[in-house]
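> need a 3D model of the sequence below.
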Amino acid sequence: MLEEVEGIILKETPYKEKSKIIQLFTKEHGLISVICKGVKSPKSSLRALTIRYTYGVFQISYKKDKLSTLINADLINALENIKSDIINISYLGYLAELTLQVLKQSNSSDIYDMFIGTILKMNEEHDPLILTNIIELKYLPYLGVGISLDECVLCGCKKDIITIDADAGGLICKSCFTNEILVDLKTIKLLRMYYYIDIKSISSIKISEELKKQINFFVERYYDRYTGLYLKSKEFLKKMIN
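Predicted coordinates for the structure are as follows:
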């Protein structure tokens, strides 16, 4: 059955001499495998449209739960501002690998919207660290990991919140506080905003470097503590930005 699907290539694998199989993350069907016959040939009109991170409309012969076949493709957005910057492409590489892990746990269509929304904002030159932390927080429920950003994780109290702690699992109120690190209350407000904001609605977010560091520190510790994910792209990204 011929279909047109919107999607982005997250992974490509060589197949025989002149073909490849792509992992295409689509709006309509989630993650699907598509064979692209003859596209490695220099004469193929689809050669440049079947590389990793191509975001476009793909005409395919769709086979549910089987290998689909690529017929044609048209570009939606070249993502030039990401692909021309080594730091941005490193962020995209991490987000792509993280998204593949999330898709192993959930096939919700919301994941596609969040991922595409994030990379389009990144291509518009919004801060890649802020965008990455936003989608990392939004992905947590799809990874089966809860986080408490509305009440004390220990007693359920919504008043007198004084800090947030990754090991504890969220907010901590004055009564439950022991020896956790105290963070700027602005960090807590921003974490809540990150978690609930609609990515597509972002027009400008300006945050001090210190607050960005606090937020990123919390998110990294939370992922290390609760998700069990170890991604090579994350380690590469850390080397690039540190």
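
> looking at this, residue 52 is in a strand?
No - per DSSP: H, G, I helix; E, B strand; the rest coil, residue 52 lies outside any strand segment and is coil.

> this protein: strands as residue ranges?
2-15, 19-26, 30-36, 55-61, 68-77, 161-165, 170-173 (DSSP state E).

> among those, which is nearest residue 98?
Each of the strands of the chain has some distance to residue 98 by Cβ to Cβ; the shortest is strand 2-15, at 10.5 Å. (Each C-beta comes from the backbone N, C-alpha and C, glycine too.)

> thought residue 3 was touching residue 26?
No - applying Cβ atoms under 8 Å, one finds residue 3 not in contact with residue 26, separated by 9.3 Å.

> hey, which helix is longest across this protein?
When the chain is scanned for its longest helix (criterion: DSSP state H), the result is helix 86-105.

> what's it in contact with?
Under the criterion Cβ atoms under 8 Å, 6 or more residues apart in numbering, residues 10-11, 23, 25, 30-31, 52-53, 79, 81-83, 111, 115, 118-119, 122, 128-129, 131-132, 135-136, 139, 142-144, 229, 231-234, 236-237, 240-241 lie in contact with helix 86-105.

> neighbours around residue 219, how many?
By the criterion of other Cβ atoms under 10 Å, residue 219 has 21 neighbours.

> ignore what I typed, I meant residue 44.
For residue 44, the neighbour count with other Cβ under 10 Å is 16.

> thinking again about what came up before, give me the more crowded residue out of residue 3 and residue 26.
Between residue 3 and residue 26, residue 26 has the larger neighbour count (other Cβ under 10 Å), namely 20 against 14.

> the longest helix of the chain to strand 30-36, inter-axis angle?
Per axes from the mean of the first three to the mean of the last three Cα atoms, to 10 degrees, the angle that helix 86-105 makes with strand 30-36 is 110 degrees.

> buried stuff in helix 86-105?
88-99, 102-103 (16 or more other Cβ atoms under 10 Å).

> one more: stretch 13-31?
Neighbour-count burial for stretch 13-31 flags 15, 18-26, 29-31 (criterion: 16+ other Cβ under 10 Å).

> would TSV of those residues with pLDDT and distance to residue 212 be doable?
Listed next are those as TSV, based on pLDDT from 0 to 100; distance: Cβ to Cβ, whole Å:
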residue	pLDDT	distance to residue 212
15	93	42
18	94	46
19	95	43
20	97	38
21	97	38
22	97	34
23	97	31
24	97	33
25	98	28
26	96	33
29	95	36
30	95	32
31	96	31
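
> would you map out the domains in this protein?
Segmentation of the chain into domains, based on automatic domain parsing, reads 2-78, 81-241.

> distance between the shortest one and the chain's centre?
With Cα atoms, centre = their mean, to the nearest Å as the basis, the distance from the averaged C-alpha position of domain 2-78 to the chain average is 20 Å.

> who touches stretch 36-51?
9, 12, 14, 17-22, 54, 56, 69-70, 72-75.

> wait, doesn't residue 211 sit right on residue 184?
Yes - taking contacts as Cβ under 8 Å, residue 211 lies within contact range of residue 184: 6.5 Å.
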